[in-house]
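> Generate coordinates for the sequence data below:
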Amino acid sequence: MTGQIPLVPDSVTDLDLVVPPGLQALLPILKYRANSLDSIDASHQEALRRFNAEGAAGVKRRYEFVRDHHSLGARLDAFARFMRSQHCFQVAGEGGQAVWRNWA
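Residues are numbered from 1 along each chain as shown. The predicted model follows:
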């Protein structure tokens, strides 16, 4: 909610389900190679560069995205819409995890 640029390890595999990769690039959300200090440092430097280049407009854009999509109210709203929908939901196993195959 502070407009910062998140750095996320590439081992967080379900991030792409929450924030599509194209949107991650635009916000940005930067990934680094897990357990690699060089990768973490490079991502940190890129985050600083982009934060400074985008200034207040970038902070505002990231804040609005989080406010609209990842606040408690937004998440509860998405859950309520999911529960009220008339779809026939299918649970499937993918990589040892149970996921909603037709979550929209």
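> going forward, measure contacts and count neighbours with C-alpha atoms only.
Noted.
> mean confidence for the lengthiest helix in the chain?
Counting residues, the longest helix found in the chain (DSSP state H) is helix 37-69. Across helix 37-69, the average pLDDT comes to 95.
> Just after that helix, pick out the following helix or strand.
Tracing the chain C-terminally past helix 37-69 and defining elements by DSSP states H and E, one meets helix 72-84 next.
> how much space is there between the residue positioned nearest the centre of the chain and Arg84?
The C-alpha lying nearest the average C-alpha coordinate of the chain belongs to Val19 (C-alpha atoms, centre = their mean; 3.8 Å). Per C-alpha to C-alpha, to the nearest Å, Val19 is found 23 Å from Arg84.
> The longest helix of the chain: which residues count as buried?
For helix 37-69, the neighbour count (16 or more other C-alpha atoms under 10 Å) marks 40, 43-44, 47, 51, 58-59, 61-63, 69 as buried.
> of all these, which comes closest to Ser11?
Nearest to Ser11 among the buried residues of helix 37-69, counting by C-alpha to C-alpha, is Ile40 at 12.9 Å.
> I'd guessed the closest one sits against Leu30; true?
No. Checked against C-alpha atoms under 8 Å, the pair Ile40 and Leu30 is beyond contact range at 9.7 Å.
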